[in-house]
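Chemist: The following comprises the amino acid sequence and a computationally predicted model.
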Amino acid sequence: MRKFILFIRHALALIHEDKLFSAIYIAGTAVAIASAMVVALILHIRISNIYPEEHRDRTVGIRGNDFEKEGKYIWRGYSPLAVEEVFDQLQCAEIVSAHIQSGYVFSFTACAGFGKQEVPVTVKFTDADFWRLYSFRFVDGRPYTDQHLKNADKQIVITDALARKVFGTTEHIVGQSLLLNFLSYQIIGIVKDASPLMRDSSADVYLPYTVSDAGQRQGIREVNYTGPLAVTILLKKGCTVQMLNDELESYRVKYLSMLKQTTGNEYEWRIRAVPYWARTLNFFSEGTTTADMLSNLSLPVLLMLLLLLLPAINLSGMVSNRMESRMAEMGIRKAFGAKRRTLLREVIRENLVLTLCGGIAGYLLSWLFVYAIRNSKFFLTFFAREYDSVNSVSLQSDMFFSPLPFLIAFVCCCAINLMAALLPARKSLRNPIVESLNQKR
């Protein structure tokens, strides 16, 4: 412990001695770490388990549903009948949730009553299992149920942020009415709001999809499994996407056979389960294997390494110049018996202290940068979100306080910086003692 304290004091003394070099070195490392961390944070927000999407690693979406008719492919969503007869019967599915697909547009306004201030809101039409699929924390009240869905009851759940915006408080709101496009809905629950970057789960208002006319639609006449619904499934532990796709295949074959007997027409129905990460990391492909995931991750990883490598090259030149200025000091210490290995270890420790300072500064800088650009069109495109000039994008603490992305970026930065410092340091320490002492003359 005493040696460690002495080492820290010595390193800080060297930093104080050459303030300009230390400042530039720390700033260069901070910029490198911050640049890489911005990429890592965006990646982290897109694929990690974050409130309320805390089971992304087991979440899959059902994609496909292309029906071929007269040589043309027609895309449709799924009907409530398909959810009941197909998806709810899957052995690999722990939770099956359906919602009406919609873009992130402010087509609804909310207000506390006629004549009150209107607020633009996002609305999500879901089923009751939506509240089991996503881990929302209820501030007050409860979610709507299957019975509410069946009866098309105008029972809604709103976020605490919307409650404060419309009513000024979250207390005693449950049971009151909220006007959506001037139609009255009863509030039965209030949840802690999710960041708009959580695209699958975030909204201001949640209500049963049967309230919408689109939610009542069963699909085209002959193909009654089509409709307006998107389906998301939470896999049971131990089940794989391939096992789920195998189950879906048997339903697909059975349904096509039934259609042919009923209508006399030939159809081609495509249906497959796609993991959450495959829908998110679709830089190169939407494959579902580990190899596909690694391939899709290669682009951001290479970008992070490039952002770390370029500043390290410049720092290498600075370290080389500094070692030349310290050659006389190194010569004197070698003359008094200091070994080359000891001096090299000291240089590496000094470099680690500077890198640590730069890493902490870079981590904080990446937070500030992401927070500053969170409402920009450029940033929102990474999350398939539309630009909103009215409401500010909120960021949750668990989006930032994730040690793994920082540790990966920091370890990579340390390795690159050490290589950048090690090469000029070894070259300098190989000089004979007399030559090093003559540098003082």
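Modeler: In hand now; what should we look at?
Chemist: For the stretch 51-200 of the chain, which residues score under the pLDDT cut-off?
Modeler: The stretch 51-200 of the chain contains residues with pLDDT under 70 at 64-76, 102-106.
Chemist: Helices of that one, residue ranges please.
Modeler: Using DSSP state H, counting those that start in this stretch, the helices found in the stretch 51-200 of the chain span residues 80-85, 130-133, 146-151, 160-167.
Chemist: Could you say which of the ones you listed is packed most deeply?
Modeler: When the helices of the stretch 51-200 of the chain are scored by mean count of other C-beta atoms under 10 Å, the highest mean neighbour count falls to helix 130-133 (a mean of 21). Using the backbone N, CA and C atoms, a C-beta is placed for each residue, glycine as well.
Chemist: same for that one, what does it pack against?
Modeler: strand 93-100 (3 or more C-beta pairs under 8 Å, 6 or more residues apart in numbering; DSSP states H and E).
Chemist: now what about the strand it packs on, what contacts it?
Modeler: Contacts with strand 93-100, where a contact means C-beta atoms under 8 Å, 6 or more residues apart in numbering, come from 58, 78, 80, 83, 87-88, 90, 124-127, 129-130, 132-133, 209, 212, 214-215, 228-237, 244.
Chemist: just the buried members of those?
Modeler: The neighbour-count test (16 or more other C-beta atoms under 10 Å) marks 58, 78, 80, 83, 87, 90, 124-127, 129-130, 133, 209, 212, 214-215, 228-235, 244 as buried among these.
Chemist: Tyr134 contacts Glu53, correct?
Modeler: Yes - between Tyr134 and Glu53 there is a contact under C-beta atoms under 8 Å: 6.1 Å.
Chemist: what touches both of these two?
Modeler: Common neighbours of Tyr134 and Glu53 (C-beta under 8 Å, 6+ apart) are Asp200, Ser201.
Chemist: neighbour count winner among those two?
Modeler: Tyr134 (24 against 19; other C-beta atoms under 10 Å).
Chemist: Show me where the stretch 201-350 of the chain dips below the pLDDT cut-off.
Modeler: In the stretch 201-350 of the chain (pLDDT under 70), the answer is 214-223, 283-293, 295-296, 312-343.
Chemist: can you give me the helices in it?
Modeler: 213-216, 241-263, 276-280, 290-325, 327-335, 340-373.
Chemist: Tell me the buried residues in stretch 237-257?
Modeler: Of all the residues in stretch 237-257, those buried under the rule 16+ other C-beta under 10 Å are Cys239, Val241, Met243, Leu244, Asn245, Glu247, Leu248, Tyr251, Arg252, Tyr255.
Chemist: Quick one: residues in contact with that stretch.
Modeler: When contacts are defined by C-beta under 8 Å, 6+ apart, stretch 237-257 is touched by residues 58, 60, 62, 86, 89-94, 225, 233, 235, 267-269, 271-275, 288.
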